[in-house]
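Student: just to be clear, the model below is a prediction. Sequence and coordinates:
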Amino acid sequence: MYQMYQYRQCTDHHKRIKGLFALSYSERLKRLQLDSFCVRRLKSDLIMCYKIINNLVDLDCSDFFVLSNSNRTRGHSCKHFTQQCSLDVRKYCFANRVVEPWNHLPDHIVRASSVGLFCKLIDTVDLSGYCRY
């Protein structure tokens, strides 16, 4: 419910700009050169994931993620395993929502030396394929 309210708020603000009222949400985003709400949320989730893994916040990584301890992974070595769950509440929570996009990030982004650099590099990746709407 809260996410739908946030989504509704984001789409309504664009309509207030002169000349954008009649355009669709995706067309308004293109004209304003903005990411969709889903992509913005995913980027913030990936930033939080980076902070958790690199101990930049006071949260234990093992509470959220099961990290791969194998050196035979393709891409980077900070891969996460998806935790199996039967409830939608758990399936769409932060820890499971971020696993697939995180595992597909290139090594130079995952190994960024600072949060600022990670944020700049994450803007170069197209994350729209991970959004359902």
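Tutor: Thanks, I have the structure now.

Student: doesn't residue 49 make contact with residue 98?
Tutor: Yes: the pair residue 98 / residue 49 is scored as a contact, 5.0 Å apart, by C-beta atoms under 8 Å. Backbone N, C-alpha and C define where each C-beta goes, glycine included.

Student: for the protein, which segments count as strands?
Tutor: 66-67, 80-81 (DSSP state E).

Student: looking at those, which has the lowest confidence?
Tutor: When the strands of the chain are ranked by mean pLDDT, strand 80-81 comes last with a mean of 63.

Student: for the longest helix belonging to the chain, C-alpha coordinates in CSV please.
Tutor: Looking across the chain with DSSP state H, the single longest helix is helix 37-53. Provided in CSV are the C-alpha atoms of helix 37-53 (Å, rounded to 0.1, in the frame of the first residue of the first chain):
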residue,chain,number,x,y,z
PHE,A,37,10.2,4.8,-9.6
CYS,A,38,11.1,1.1,-9.8
VAL,A,39,14.6,1.9,-11.1
ARG,A,40,15.2,4.5,-8.5
ARG,A,41,14.2,2.1,-5.7
LEU,A,42,16.4,-0.6,-7.1
LYS,A,43,19.4,1.8,-7.3
SER,A,44,18.8,2.7,-3.6
ASP,A,45,18.6,-1.0,-2.7
LEU,A,46,21.8,-1.7,-4.5
ILE,A,47,23.5,1.2,-2.7
MET,A,48,22.3,-0.1,0.7
CYS,A,49,23.5,-3.6,-0.3
TYR,A,50,27.0,-2.1,-1.1
LYS,A,51,27.0,-0.4,2.3
ILE,A,52,26.0,-3.6,4.2
ILE,A,53,28.6,-5.8,2.4
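
Student: now do it, average pLDDT.
Tutor: On average, helix 37-53 scores 91.

Student: name the helices or strands packed onto it?
Tutor: helix 2-15, helix 94-97, helix 99-103, helix 115-122 (3 or more C-beta pairs under 8 Å, 6 or more residues apart in numbering; DSSP states H and E).
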